[in-house]
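Asker: Predicted model, plus sequence, below.
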Amino acid sequence: MLELLQYDFMRNAILAAILASIACGIIGVYVVVKKIVFISGGITHASFGGIGIGYYLGINPLFGLIPFSLLSAIIMGLVSKRTKVAEDTAIGILWSLGMAIGIILIYWTPGYAPDLMTYLFGNILTVPMSDIYLMLGLDAVIIFVVYAYYKQFMALCFDEEFTKVSGLSAEKLYLLLLCLIALTIVLLIKVVGIILIIALLTMPASLSRHYTNNLGKMMYLAIIFGVFFSLAGLYLSYVFDAPSGATIILAMSTVYILHFLYDGLKPKIAS
């Protein structure tokens, strides 16, 4: 593995893996504890519309992805809270709408859409230094907001009624949390792609929850798990000449399944 560090693309890949793991470790804990995996998946897939906008306008797709993801998060949050439409129905509709917008705009874009498969399936080996700086900035925003609203988010996740009684706006906090999820999606998209993001967002957090109920400790553990799985998957993708994003998720899923199979069999073995 050490000889690979002589290559710029590999150093960028490792930096991208670490930065993505920080975001998914922090925000993934909220997703798991608050049980908002489905709406997070909706934001993830709807964000494809932003990629389509980027290609259509001839700009870096990430610059179309950021505002579109944030807008999708806010719309989904408002629709799920303020309308009579069932939440899962609304998310499914907006999920499909975002994907449809992206497909149509890419179809209308003259010529070939480069790196499109990277955004769908991920390719951490193609992350340029400019994207590393963007990921670093987004990480800083996420850490700052979570640090500033840590107690409020904790109340929102564990007791939303208490949040309302305390005079805090539960809806605004919820929308802010969804916006942080949208930013995390931007961070993860080059690592594993739209199709696989939700796994990287939830599995490290779910594993960490098995070892502690303290929210802060869960975040630290989730970051460690995320870094380990991302680097392990990156190495395995090199060894077996396999797609990096899928290999990261495969490595993570294997450990996750084995862990909970062992945990489920432990009482039987002991008895």
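Answerer: Thanks, I have the structure now. Numbers count the residues shown, from 1 in each chain.
Asker: Now do the strands in the stretch 1-150 of the chain.
Answerer: Counting by DSSP state E, counting those that start in this stretch, one finds no strands in the stretch 1-150 of the chain.
Asker: Okay, now the unreliable bits of the stretch 51-200 of the chain?
Answerer: Residue ranges of the stretch 51-200 of the chain with pLDDT under 70: none are present.
Asker: For the stretch 1-150 of the chain, which segments are assigned as helices?
Answerer: 8-34, 37-46, 48-57, 61-82, 87-108, 116-121, 129-148, 150-158 (DSSP state H, counting those that start in this stretch).
Asker: In CSV, list the ones you listed along with mean neighbour count and distance to Ile181.
Answerer: The C-beta positions use only the backbone N, C-alpha and C, and glycine is treated the same way. Converted to CSV, the helices of the stretch 1-150 of the chain look like this (neighbours: other CB atoms under 10 Å; distance: least, CB to CB, whole Å):
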stretch, mean neighbour count, distance to Ile181
helix 8-34, 23, 6
helix 37-46, 24, 5
helix 48-57, 24, 14
helix 61-82, 20, 6
helix 87-108, 17, 13
helix 116-121, 17, 18
helix 129-148, 15, 10
helix 150-158, 17, 12
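Asker: So Ala199 sits against Val192, correct?
Answerer: Yes - the criterion here is CB atoms under 8 Å, and Ala199 meets it with Val192 at 7.3 Å.
Asker: neighbour count winner among those two?
Answerer: Shown here are Ala199 and Val192; by other CB atoms under 10 Å, Val192 has more neighbours (29 against 19).
Asker: can you tell me how far that one sits from Phe158?
Answerer: With distances taken as CB to CB, to the nearest Å, Val192 is found 29 Å from Phe158.
Asker: Go ahead and name everything in contact with stretch 48-61.
Answerer: When contacts are defined by CB atoms under 8 Å, 6 or more residues apart in numbering, stretch 48-61 is touched by residues 62-69, 72, 97-106, 108-109, 113, 115-116, 119, 130, 194.
Asker: Centre of the chain to stretch 114-130, how far?
Answerer: 15 Å (CA atoms, centre = their mean, to the nearest Å).
Asker: what's the answer for stretch 96-107, then?
Answerer: That offset, for stretch 96-107, works out to 20 Å (CA atoms, centre = their mean).
Asker: Report the backbone C-alpha coordinates of it in PDB.
Answerer: Only the C-alpha atoms of stretch 96-107 are listed here, as PDB (Å, rounded to 0.1, in the frame of the first residue of the first chain):
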ATOM      1  CA  SER A  96     -38.200  10.500  -9.200                       C
ATOM      2  CA  LEU A  97     -38.700  14.100 -10.200                       C
ATOM      3  CA  GLY A  98     -35.000  15.000  -9.400                       C
ATOM      4  CA  MET A  99     -33.800  12.000 -11.300                       C
ATOM      5  CA  ALA A 100     -36.000  12.800 -14.300                       C
ATOM      6  CA  ILE A 101     -34.700  16.500 -14.400                       C
ATOM      7  CA  GLY A 102     -31.100  15.300 -14.400                       C
ATOM      8  CA  ILE A 103     -31.700  12.700 -17.200                       C
ATOM      9  CA  ILE A 104     -33.500  15.200 -19.400                       C
ATOM     10  CA  LEU A 105     -30.800  17.900 -19.000                       C
ATOM     11  CA  ILE A 106     -28.000  15.500 -19.600                       C
ATOM     12  CA  TYR A 107     -29.800  14.300 -22.700                       C
END
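Asker: Right, I'll leave it there.
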